[in-house]
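Engineer: sequence plus predicted model, see below.
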Amino acid sequence: MPANTNNSDLPNSAEYTREISYDQSKLLQNIAQDEPRLNIDQKKVFTTLLSSIDNNEGKIFFLDAPGGTGKTFLIHLLLIKVRSTGKIALAVASSGIAATLLEGGRTAHSIQAFKLPLKIATDDNNSVCSVSKQSNTGKLIRHCSLIVWDEATMSNKTSVEGLDRTMRDLRSKNAPMGGCTILFSGDFRQIPPVVTRGTRADDINASLKRSNLWPHVNKLELKTNMRLSLSSRENRLFSEMLLKVNNGKLTQSDGRINLENLCVLIDNIQDLVNNVYPDIHNISCKTISWFKERAILSPTNEQVDKVNNLILAKIDTPTQIYYSVDTVLDSEEAVHFPTEFLNSLNPSGLPPHKMELKVGCPVILLRNLNPPKLCNGTRLLIYRSNLNAYNFRWRLKTLASAFPRFSKCPPGVDRLLEAEYPLRPQVTARGCRIFKSHKATEEMCKVYRMMYEKNVRALVCCVDDGTEEIAGCNMLYIDEGKDNIAEIIKQVETPEILTLFRIIKVADKYYKISHGTDNKVLLNGAGLYVNPKFRGCGIATQILKARECLCKELQISETGAWFTGLGSQKAAQKAGYEVMSEVSYEELGEKTEVVFVDVPEYCKFMVLRVDT
Ligand SMILES: Nc1ncnc2c1ncn2[C@@H]1O[C@H](COP(=O)(O)OP(=O)(O)OP(=O)(O)O)[C@@H](O)[C@H]1O
């Protein structure tokens, strides 16, 4: 039967709304900016794919792109180009980390995407996605014009074949992938699909290249390394050498290659640790970027444990030990599997039975049981091993005319305000997708810097133990009802930041309706930040309460702000703030064309009245 295309066939879901709600003017702006920048290879891939979509050719492509050749850049442009024409382009990836790099990306097996079975055998010829024809996801897939699957080379071929069977069924068309244009991308030189307890031959057999779909795949490639084209000669040589290793083109003797020209060779693990993590015992002085720049990789869990124990022993902070609680689900089997035996097992994908952690050490999130907030594989830092055990004293400081002229400011305030504070993931910034764009992220910092140069004050909460570590900070300005942002908006270039100002303007109207336009002076908030290390300790509430003292000092009878997140709204309520006006995110989203996700029902302007 032909695919049904009447209106009742359109999905009625948040996913569909998300896919058709991209800001068209923003998309067109990005296309105008990035399309002329495509290099020759990228341009060829771009036009080939668009031609398949426009002419309904339903071809399947594989993009062979070694790291740095601009694959993400190209896919991003392709997705927005298709979306700018009102068509649906779905983006999925085999791993969560890769999915976060794609605009609107999901993991292929997630419930918001194809619901592919997680456990799938290589010889399974019947697996399909758990998506029915009448479901919203089914309708969404039926209506999409392009599917991009990044890191497909890491997925078992049966997942791809399962999607093929599902697509043929959903689109009622017996053609590869139901006649939809698909772009697989990845790098066969990198990790192949992992077959549990499989041999090398099993891994190869699970590869996309061994799929019955592979003969239908059109191969495209990118060759120029864009990341290194402007880099130093040394980096370029290193990258070329790596590619030779990947392609098996480095001279071998007895199946071995000489690594001397490729890296620094070290005799023992101790030296390796000292080279990669020098001065690790001073862990409290290390920044997140220091940790981001280094990692020790190892092929087996056993070696990982050895290296971890060695590094942990070097860190001075106290060890916190966590034990697993292992039980057999079937109580009748309990006698065969004593707890001691279960504790001795070390299955991959699960932490060890005895897990030792120290404050400051980096960890990897193996599996998030509460997605989608953090994806599996995210690297994290342990800030606090036990909330109740972590005692600290703190005090509040107010800083007038905050940035960049701090005189006696606690150490780190300038860095916090310049680098971290503007980039905290607030609801509105997330809605505008600011952190998805490098240019917008940079501009966000620039905008904050311009704001700080005005009459802005910071209320900073510092730990009172001699370290002066910042536990929280609230930026404030004296609002006399004037248009404080008009000058800044004129200089804004990125569509994301313009969207942010659009939200501010719309919200401002709601505020004026309830507050009047009589230019009443208000100590207004421009953002509240609590150091992740001290979250859950009531710092936000204390800072908000302390605004009363600042108001008295400045002879201002009201202080308030838009509280966008549920946490800050609760903190404000605890600090005695009352809701003065509110707007639902649904309404705000409609008026600003922004899709807010993970938000409370209302964005609230809350006020504390002060007896001056
Ligand atoms: N045509 C282009 N013009 C300017 N810059 C580009 C172009 N293509 C890619 N770049 C830049 O080159 C860098 C690498 O590109 P990108 O991240 O897309 O590569 P990649 O193939 O996805 O790499 P990896 O696989 O390592 O993630 C990025 O900073 C990107 O902005």
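Structural biologist: Everything's here; your move.
Engineer: use CA for all of it now, contacts and neighbours both
Structural biologist: OK.
Engineer: could you measure from the residue nearest the centre of the chain over to the ligand?
Structural biologist: Nearest to the mean C-alpha position of the chain, by Cα atoms, centre = their mean, lies Thr100 at 5.0 Å. Computed as Cα to the nearest ligand atom, to the nearest Å, the Thr100 to the ligand distance reads 11 Å.
Engineer: just want the residue of the stretch 251-400 of the chain that's nearest the ligand.
Structural biologist: Glu293 (14.9 Å; Cα to the nearest ligand atom).
Engineer: which phi and psi does that residue have?
Structural biologist: phi -80, psi -10 (degrees, to the nearest 10).
Engineer: how deep is it tucked in, by neighbour count?
Structural biologist: Counted with other Cα atoms under 10 Å, residues neighbouring Glu293 total 8.
Engineer: give me the pLDDT value at it.
Structural biologist: Glu293 is assigned 86 on the pLDDT scale.
Engineer: ramachandran coordinates for Asp479?
Structural biologist: With angles defined as degrees, to the nearest 10, Asp479 sits at phi -100, psi 110.
Engineer: just the C-alpha atoms of the helix or strand containing Gln542, please, in PDB.
Structural biologist: Using DSSP states H and E, the element containing Gln542 is helix 539-554. Taking Å, rounded to 0.1, in the frame of the first residue of the first chain, the C-alpha atoms of helix 539-554 are listed here in PDB:
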ATOM      1  CA  ILE A 539      24.000  28.600  49.100                       C
ATOM      2  CA  ALA A 540      21.600  30.100  46.500                       C
ATOM      3  CA  THR A 541      19.000  30.800  49.200                       C
ATOM      4  CA  GLN A 542      21.600  32.500  51.400                       C
ATOM      5  CA  ILE A 543      22.900  34.700  48.500                       C
ATOM      6  CA  LEU A 544      19.300  35.700  47.600                       C
ATOM      7  CA  LYS A 545      18.600  36.600  51.300                       C
ATOM      8  CA  ALA A 546      21.800  38.700  51.400                       C
ATOM      9  CA  ARG A 547      20.500  40.900  48.700                       C
ATOM     10  CA  GLU A 548      18.300  42.500  51.400                       C
ATOM     11  CA  CYS A 549      21.500  43.900  53.000                       C
ATOM     12  CA  LEU A 550      22.800  45.300  49.700                       C
ATOM     13  CA  CYS A 551      19.400  46.900  49.100                       C
ATOM     14  CA  LYS A 552      19.500  48.600  52.500                       C
ATOM     15  CA  GLU A 553      23.000  49.900  51.700                       C
ATOM     16  CA  LEU A 554      21.900  51.200  48.300                       C
END
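Engineer: can you name every helix or strand that that helix contacts?
Structural biologist: Other helices and strands packing on helix 539-554, by 3 or more Cα pairs under 8 Å, 6 or more residues apart in numbering; DSSP states H and E, are strand 394-399, strand 456-463, strand 470-479, strand 522-530, strand 558-563, helix 566-574.
Engineer: just the C-alpha atoms of the helix or strand that Ile497 is a member of, please, in CSV.
Structural biologist: In the assignment (DSSP H and E), Ile497 maps to helix 495-515. Taking C-alpha atoms only, helix 495-515 is exported to CSV below (Å, rounded to 0.1, in the frame of the first residue of the first chain):
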residue,chain,number,x,y,z
PRO,A,495,21.4,34.3,15.8
GLU,A,496,21.6,32.4,19.1
ILE,A,497,22.4,35.5,21.2
LEU,A,498,19.9,37.5,19.3
THR,A,499,17.3,34.9,20.3
LEU,A,500,18.4,35.2,23.9
PHE,A,501,17.7,38.9,23.8
ARG,A,502,14.4,38.2,22.1
ILE,A,503,13.4,36.1,25.1
ILE,A,504,14.6,38.9,27.5
LYS,A,505,12.5,41.4,25.6
VAL,A,506,9.3,39.3,25.6
ALA,A,507,9.8,38.5,29.3
ASP,A,508,10.3,42.1,30.0
LYS,A,509,6.9,43.0,28.6
TYR,A,510,5.3,40.6,31.1
TYR,A,511,7.3,42.2,33.9
LYS,A,512,6.2,45.7,32.8
ILE,A,513,2.5,44.7,32.8
SER,A,514,2.6,43.7,36.5
HIS,A,515,5.2,46.2,37.7
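Engineer: could you give the angle of that helix to strand 558-563?
Structural biologist: 140 degrees (axes from the mean of the first three to the mean of the last three Cα atoms, to 10 degrees).
Engineer: check whether the strand or helix carrying Leu242 comes near the ligand.
Structural biologist: Element membership of Leu242, judged by DSSP H and E, is helix 233-246. No: if you take Cα under 6 Å from any ligand atom as the test, helix 233-246 misses the ligand, and the best it gets is 11.1 Å.
Engineer: might you enumerate the residues of the stretch 1-150 of the chain proximal to the ligand?
Structural biologist: Arg37, Leu38, Asn39, Ala65, Gly67, Gly68, Thr69, Gly70, Lys71, Thr72, Phe73.
Engineer: which ones are touching the closest residue to the second one other than its chain neighbours?
Structural biologist: By that I understand Leu38. Spatial nearest neighbour of Leu38, excluding adjacent residues (Cα to Cα, 6 or more residues apart in numbering): Leu74 at 7.7 Å. By Cα atoms under 8 Å, 6 or more residues apart in numbering, the contact set of Leu74 is Leu38, Gln42, Phe46.
Engineer: circling back to that earlier point, any chance you could list what contacts the helix holding Gln542?
Structural biologist: Helix 539-554 has contacts (Cα under 8 Å, 6+ apart) with 396, 398, 459-461, 471-474, 523, 528-530, 557-559, 568, 571-572, 574-576, 608, 610-612.
Engineer: contact partners for the closest residue to Leu243 other than its chain neighbours?
Structural biologist: Excluding the flanking residues, the one nearest Leu243 by Cα to Cα, 6+ apart is Pro66, at 7.9 Å. Residues near Pro66 by Cα under 8 Å, 6+ apart: Gly186, Asp187, Leu222, Lys223, Asn225, Leu243.
Engineer: for ChimeraX, write a command that selects the buried ones of those.
Structural biologist: To isolate the buried members of those in ChimeraX, using 16 or more other Cα atoms under 10 Å:
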select :186,187,222,225,243
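Engineer: among the contacts of Pro66, which are located in strands?
Structural biologist: Taking DSSP state E as the definition of strands, the contacts of Pro66 contribute Gly186.
Engineer: nearest to Cys180, of the contacts of Pro66?
Structural biologist: Gly186 (19.4 Å; Cα to Cα).
Engineer: so the closest one makes contact with Thr153?
Structural biologist: Yes: at 5.4 Å, Gly186 counts as touching Thr153 under the criterion of Cα atoms under 8 Å.
Engineer: just to revisit the earlier point, most surrounded residue in the contacts of Leu74?
Structural biologist: Ranking the contacts of Leu74 using other Cα under 10 Å puts Gln42 first, with 23 neighbours.
Engineer: contact residues of the stretch 201-350 of the chain facing the ligand?
Structural biologist: Counting by Cα under 6 Å from any ligand atom, the stretch 201-350 of the chain comes close to the ligand at Met226, Arg227.
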